[in-house]
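J.: My questions are about this predicted structure, shown below with the sequence.
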Amino acid sequence: MLDEYINSLQNDIINSTCELIKIPSVSTTKISEDKPFGDGPFKALEYILNLGKSLGFRTKNIDGYCGYIEFGEGTELVGIIGHLDVVPEGENWTYPPFSATISDGKIYGRGAIDDKGPVIASLYAMKAVMDNCKINKRVRLILGLDEEKEWRCINYYKEHEEHPSIGFSPDADFPCIYAEKALLSTFLTQNYSCQNSCIKIKSIDCNNNAINVVPKFCKMILEIDNNFINISDLKNKFDKQVYENKFNISVNITNENTIEIVSQGVSAHAAHPDLGKNAISQLLIIIHNVFELYNVNIELINFMYKYINLDFTGEKLGINYVDESGGLTLNVAQFTLDNNILSIGMNLRIPVTLPIDNVKNTFKQLVNSSNIKVNFGGEKEALYIPKDNPLVVTLCDIFNKKTGLNAMPIAIGGATYARAFNNCISYGANMPGHIDLCHQVDEYIEIDNLITSSKIYAEAIYELAK
């Protein structure tokens, strides 16, 4: 019954997904009291709340920070927690990232899988249950607008609104997620003063790369003292490093005393740094190696070369801890020079049974005797619900029943809103065996999977709320 009803809504599901993707909802700075995350997220929230109202649901805009769409009666609340904001679009897309182009059975666009397509699938799943089933609880689709950055939206919701007693977040992988690694952002800074240096870093540009994205671009401009260095010889040494390391880096003399170095990588979600190529890490390696030839000593760059290099596993840091959620992963995400302060920002995903303080202490010990300062932010505790928990078992069984698979619950390095509430796990919509295109160029969702996800969510909503 639910499957047939969702089939009848297929065109609406596709069209609504496309309309939501077309809104460039990158969270930015506050522009008014009702737009704390900028115009794009506000428009996305406005669109989906109007859509929810037109479908017969109760809706609420919570001071522009977030919103919800709800149906049903009862004292107990089932939550579906998604987000409408997206990471920046990036470059070199096959189709414009906010065009919602349909091609070869896929909807292309930023947010297609993270998290706009799954949110729409959840909304129409709610519609199917509301119109066809009797339930004894309220069901609420909670919509955040700052998930990709600081979670200010969901924190605001938790301060002002009712918490669900059970639920899921459609923002990761099927069959379901029973464990999410802890998160920690680590920032290393050094006071950069090089008046007596023959090579000076003049500027660094990484296109304001987000902390949870593997950087695909990093440009550094160097200023050379021609009294001590032949600029052509310096360029040749950089070119030699690029060739030997097989990096995608260009080195150009832009005037008589300036060299521009542009490192190109491949973007990916910070939870899967192995799927990308880190433009910052590449650049740091050749800078270190060439600077060493000229006795230019920058402690922060030396530290990164010694303890990070191209490694994204934490092995060079001496953190070899592995549990059922996997090992530690590390993404060098930000590199800046501002007001004479050199800074590097990293995003770490920490195994669920490894205390975050252990990782913090490792960094503190390694930089203890240097001029480098370490600060931490973006800290989120791990989520862990045992595989035999009824919620995990129920959602996993529904997925397997709908797909004919025999998939088992999994652990991930990503962070979803599931960890914002008790008794909540992440549930789809990326299918087993499919490449996770979250945060990547040419992000898409397959239309068949979009509709299948809606059917899975409808069954899950009914089971949790009946």
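T.: Everything's here; your move.

J.: Show me where this structure has its helices.
T.: Using DSSP state H, the helices of the chain run over 2-8, 10-21, 39-54, 117-132, 152-160, 231-245, 279-293, 299-307, 356-366, 390-403, 447-465.

J.: What angle do helix 39-54 and the fifth one make with each other?
T.: What that stands for is helix 152-160. If you take axes from the mean of the first three to the mean of the last three C-alpha atoms, to 10 degrees, helix 152-160 sits at 50 degrees to helix 39-54.

J.: Which neighbouring elements make contact with helix 152-160?
T.: Applying 3 or more C-beta pairs under 8 Å, 6 or more residues apart in numbering; DSSP states H and E, one finds that helix 152-160 contacts strand 58-62, strand 66-71, strand 138-144. All C-beta spots, glycine's among them, are computed from the backbone N, C-alpha and C.

J.: In that helix, which residues are buried?
T.: Neighbour-count burial for helix 152-160, counted by 16 or more other C-beta atoms under 10 Å, picks out 152-154, 156-157.

J.: Which residues does it contact?
T.: 36-37, 62-63, 65-66, 81, 83, 85, 142, 144-147, 417, 420-421 (C-beta atoms under 8 Å, 6 or more residues apart in numbering).

J.: thinking again about what came up before, of the buried residues of helix 152-160, closest to Ile286?
T.: Arg152 (37.9 Å; C-beta to C-beta).

J.: Can you give me the pLDDT of that closest one?
T.: As predicted, Arg152 sits at a pLDDT of 96.

J.: Report the separation between it and Gly67.
T.: In this view, Arg152 and Gly67 are 14 Å apart by C-beta to C-beta, to the nearest Å.

J.: same question, Phe57
T.: According to C-beta to C-beta, Phe57 stands 11 Å off from Gly67.

J.: Tell me which of these two has more neighbours.
T.: Shown here are Phe57 and Gly67; by other C-beta atoms under 10 Å, Gly67 has more neighbours (24 against 21).

J.: Specify the beta-bridge partners of the more buried one.
T.: In this entry, Gly67 is beta-bridged to Asn61, Leu143, by DSSP bridges.

J.: returning to what we had before: turn the buried residues of helix 152-160 into CSV, columns for distance to Gly433.
T.: Shown next, in CSV, are the buried residues of helix 152-160 (distance: C-beta to C-beta, whole Å):
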residue, distance to Gly433
Arg152, 35
Cys153, 32
Ile154, 30
Tyr156, 37
Tyr157, 34
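
J.: so who does the nearest residue to Lys60 once chain neighbours are set aside touch?
T.: Closest residue to Lys60 apart from its sequence neighbours, by C-beta to C-beta, 6 or more residues apart in numbering: Tyr68 at 5.4 Å. Taking C-beta under 8 Å, 6+ apart, we find Tyr68 in contact with 59-60, 62, 140-143, 161.

J.: Which one of these sits in the busiest neighbourhood?
T.: Greatest neighbour count in those, by other C-beta under 10 Å, goes to Leu143: 32 neighbours.

J.: Read off the pLDDT value for that residue.
T.: Note for Leu143: predicted pLDDT of 98.

J.: now Cys194
T.: Reported pLDDT for Cys194: 62.

J.: go on, Ile253?
T.: 97.

J.: So the nearest residue to Pro97 once chain neighbours are set aside versus Thr416, what's the distance?
T.: Setting aside the residues directly before and after it, Pro97 is nearest to Glu89 in space (C-beta to C-beta, 6+ apart), at 3.7 Å. Distance from Glu89 to Thr416, counting by C-beta to C-beta: 22 Å.

J.: which one of those two has more residues nearby?
T.: In this view Glu89 and Thr416 are compared by other C-beta under 10 Å, and Thr416 has more residues nearby, 26 against 16.

J.: Give me the distance between the two termini of stretch 189-206.
T.: One end of stretch 189-206 sits 16 Å from the other (C-alpha to C-alpha, to the nearest Å).

J.: And the contacts of it?
T.: 215, 217-225, 228-229, 234, 258, 279-280, 291, 294, 296, 298-300, 334-337, 340-344, 371-373, 375.

J.: at 6 Å instead, please
T.: 215, 218-223, 225, 228-229, 296, 299-300, 335-337, 340-343, 371-373 (C-beta atoms under 6 Å, 6 or more residues apart in numbering).

J.: how far is it from where the chain is centred?
T.: Chain-centre distance of stretch 189-206: 30 Å, with C-alpha atoms, centre = their mean, to the nearest Å.

J.: Could you pull out the buried residues of it?
T.: 189-190, 192, 197-201, 204, 206.

J.: Same question for stretch 431-447.
T.: Those would be 431, 436-447, for stretch 431-447 by 16+ other C-beta under 10 Å.

J.: mind checking how far it is from the chain centre?
T.: What separates the centre of stretch 431-447 from the centre of its chain is 13 Å, taken as C-alpha atoms, centre = their mean.

J.: Between the two ends of that stretch, how far is it?
T.: By C-alpha to C-alpha, the extent of stretch 431-447 from end to end equals 12 Å.

J.: domains for the protein, by residue range?
T.: Annotated domains of the chain cover 2-180+383-465, 183-351+361-375 [automatic domain parsing].

J.: Out of those, indicate the one that is most buried.
T.: Comparing those by mean neighbour count (mean count of other C-beta atoms under 10 Å), domain 2-180+383-465 comes out on top with a mean of 20.

J.: Which of the helices and strands packed on helix 152-160 sits closest to Phe42?
T.: Closest to Phe42 of the helices and strands packed on helix 152-160, according to C-beta to C-beta: strand 58-62, at 9.2 Å.

J.: For Met304, which non-adjacent residue is spatially closest?
T.: Distances taken as C-beta to C-beta, 6+ apart place Leu284 nearest to Met304, at 5.0 Å, with adjacent residues excluded.

J.: so how far is Cys206 from that neighbour?
T.: Applying C-beta to C-beta, the value for Leu284 to Cys206 is 12 Å.

J.: likewise Pro97?
T.: Distance, Pro97 to Cys206, by C-beta to C-beta: 19 Å.

J.: okay, the residue sitting nearest the centre point of the chain: pLDDT?
T.: Nearest to the mean C-alpha position of the chain, by C-alpha atoms, centre = their mean, lies Asn212 at 4.7 Å. Looking at Asn212, its pLDDT reads 89.

J.: Tell me both backbone torsions, phi and psi, for it.
T.: In terms of degrees, to the nearest 10, the main-chain angles of Asn212 are phi -100, psi 30.

J.: what's the residue lying closest to it once chain neighbours are set aside in contact with, if anything?
T.: Spatially, and ignoring its direct neighbours in sequence, Asn212 is nearest to Ala270 (4.3 Å; C-beta to C-beta, 6+ apart). Neighbouring residues of Ala270 by C-beta under 6 Å, 6+ apart: 212, 331, 347.
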